[in-house]
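Novice: After the sequence you'll find the predicted model.
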Amino acid sequence: MDNVRAAITAVGHYLPEDILTNADLEKMVDTSDEWILSRTGIRERRILKDPTKATSFMATNAALELIQKRGLNPEEIDLIIVATVTPDMFFPATGCIVAAQIGATNAWAYDISAACSGFLFALSTGARFIESGKHKKVLVIGADKMSSIVDYTDRTTCVLFGDGAGCVLLEADSEGYGIQDSIEHSDGSMWDALCMLGGGSLHPPSPITLEKRLHHLHQEGPPVFKAAVKGMADVAADVMERNNLTGDDVRFLVPHQANLRIIDATARRMGVTMDKVMLNIERYGNTTAGTIPLCLADWESKLRKGDNLVLAAFGGGFTWGASWVKWAYDGDGN
Ligand code: ACO
């Protein structure tokens, strides 16, 4: 199966309707539109306000859009991998709930937890099942309801995150399209710079964890920023260098959308001009595992068969990685 690659053959997405703007946040914490925009590039984000709906709702809707666009029979899906740090609950896996809701009765399903690198890690994992010949159709979903763990009294984090979901279908390709190469890294030595301390086996839920607000995302911004700039730029450059790609060869950089300044540093390191960078952070903020497939969904109509894309991410763990993808279809359906 040496010449078989996993190709992205369809894309789907879901964004909640409710919008939280910088002006709204100015009324909630001591911040300003000017600070948020200049430090992060974010103007607004989507929020899944309905308290009865969770990550599986967004993941299911993204998957249903893909199924409908592609005219796919859900029973043909072999495997569903959901990347998320905001699963509906610790267990069962959100993937199992999504599989049931979309009618993927022949699929097995599980979740991957790699924070903002979750979609890339899930994509690499799903690709192995296609490359091995074991599976024909793998659905990879990145979905996070970040509003369920963000502390809306903490101005250093609440301005950054939004809710959303995106997904791709992976199928075998033997004509040279699809995922060409990937690099993944993790380093847990700074795990506590970006984490949610409460609710797990270290700090099970208790009145004390509630009082200390341990059930919210915690981030030490400057050290994470420093590591993210280096990690994302280095890994994107590494995947290019080992495949002899130059900035001119790359049609689009598809970066994780955490901060415009991190994206800018990555693009410069790659020799890619900003007009070739997929950017939607301004409208959606950081949707964690959702950002990269949401970019692909927004840009799908502009993509052409053979386009070289470099996908890159950095997130909690720390985790980081990059993939070189040769796009497998014309996005406008021609
Ligand atoms: N409004 C106004 N002022 C603020 C706000 C705010 N929302 N947030 C922080 N400040 C203040 C700080 O208190 C600080 O004030 P001080 O100098 O009086 O102490 C000042 O602004 C500067 O704060 P910094 O944290 O140094 O600001 P910085 O320029 O580093 O930007 C940011 C903060 C945007 C969070 C940045 O550090 C960042 O992007 N970090 C990386 C995010 C990331 O990549 N995360 C990984 C992915 S997320 C995941 O995996 C789930």
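Specialist: Looks like it came in fine.

Novice: next structured bit after the helix or strand hosting Ile262?
Specialist: Element membership for Ile262, per DSSP states H and E: helix 260-270. Note on helix 260-270: by DSSP H and E, the next helix or strand toward the C-terminus is helix 281-284.

Novice: Would you mind naming what in the stretch 51-200 of the chain lies close to the ligand?
Specialist: Within the stretch 51-200 of the chain, the positions near the ligand by Cβ under 6 Å from any ligand atom are 115-116, 155-156, 159, 194. Glycine gets a C-beta too; all of them are placed from N, C-alpha and C.

Novice: mind running it again at 5 Å?
Specialist: Applying Cβ under 5 Å from any ligand atom, we find that the stretch 51-200 of the chain lies next to the ligand at 115-116, 155-156, 159.

Novice: can you give me the helices in the stretch 201-334 of the chain?
Specialist: Taking DSSP state H, counting those that start in this stretch to define them, one finds helices in the stretch 201-334 of the chain at 207-211, 221-241, 260-270, 281-284, 291-299.

Novice: I meant to write the stretch 1-150 of the chain there.
Specialist: 22-26, 33-40, 55-70, 94-102, 118-131.

Novice: Deepest-packed of the ones you listed, please.
Specialist: helix 118-131 (a mean of 25; mean count of other Cβ atoms under 10 Å).

Novice: helices or strands up against the helix holding Ile262?
Specialist: helix 33-40, helix 221-241, strand 252-255, strand 308-315 (3 or more Cβ pairs under 8 Å, 6 or more residues apart in numbering; DSSP states H and E).

Novice: Just the ones of the residues of the stretch 51-200 of the chain next to the ligand in strands?
Specialist: Taking DSSP state E, every one of those sits outside strands.

Novice: would a markdown table of those residues with neighbour count be doable?
Specialist: Shown next, in a markdown table, are those (neighbours: other Cβ atoms under 10 Å):
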| residue | neighbour count |
| --- | --- |
| Ala115 | 25 |
| Cys116 | 31 |
| Arg155 | 15 |
| Thr156 | 14 |
| Val159 | 27 |
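
Novice: can you list those in TSV and add distance to His185?
Specialist: Compiled in TSV, these are given as follows (distance: Cβ to Cβ, whole Å):
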residue	distance to His185
Ala115	13
Cys116	13
Arg155	30
Thr156	26
Val159	28
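
Novice: ok, back up a step: mean confidence (pLDDT) on the helix holding Ile262, please.
Specialist: In this model, helix 260-270 carries a mean pLDDT of 95.

Novice: Quick check: buried residues in that helix?
Specialist: Using 16 or more other Cβ atoms under 10 Å as the test for burial, helix 260-270 gives 260, 262-267, 269-270.

Novice: Could you save the helices of the stretch 1-150 of the chain as JSON lines and add columns showing distance to Asp151?
Specialist: Output for the helices of the stretch 1-150 of the chain, formatted as JSON lines (distance: least, Cβ to Cβ, whole Å):
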{"stretch": "helix 22-26", "distance to Asp151": "13"}
{"stretch": "helix 33-40", "distance to Asp151": "16"}
{"stretch": "helix 55-70", "distance to Asp151": "18"}
{"stretch": "helix 94-102", "distance to Asp151": "22"}
{"stretch": "helix 118-131", "distance to Asp151": "21"}
